[in-house]
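Peer 1: this one's sequence-less:
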């Protein structure tokens, strides 16, 4: 799963990550540098706060929609912070034949 995003006219294909270190980094960046706190992030991802903390502690990873949504929230924050102008062009799913 993933999305294609456009930053300043350039398109980037972004894959959602099931890597615990990448998820931990995205969560920590959001919690430290955005206006999102852990409760709001848990609400946005539709998971308990304890799950967010477990990802940060390296005990689990977010999967499926939660992993996809975390990546999109992070990329929206990144785009807004550093590029001001960005857009998600479309969502897509990797289907195995």
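Peer 2: Sure thing, it's come through. All values derive from a computational prediction rather than experimental measurement.
Peer 1: Which strand or helix spans residue 70?
Peer 2: If you go by DSSP states H and E, residue 70 is part of helix 64-82.
Peer 1: do residue 40 as well
Peer 2: Using DSSP H and E, the element containing residue 40 is helix 38-45.
Peer 1: quick revisit: show me what the helix holding residue 70 is packed against.
Peer 2: If contacts are counted by 3 or more Cβ pairs under 8 Å, 6 or more residues apart in numbering; DSSP states H and E, helix 64-82 sits against strand 2-7, strand 10-15, helix 20-33, helix 38-45, strand 86-92. All C-beta spots, glycine's among them, are computed from the backbone N, C-alpha and C.
Peer 1: quick revisit: what residues sit buried inside the helix or strand following the helix holding residue 40?
Peer 2: Proceeding N to C from helix 38-45, the next assigned helix or strand is helix 49-56, under DSSP H and E. If you call a residue buried by 16 or more other Cβ atoms under 10 Å, then helix 49-56 has these buried ones: 51, 52, 54, 55, 56.
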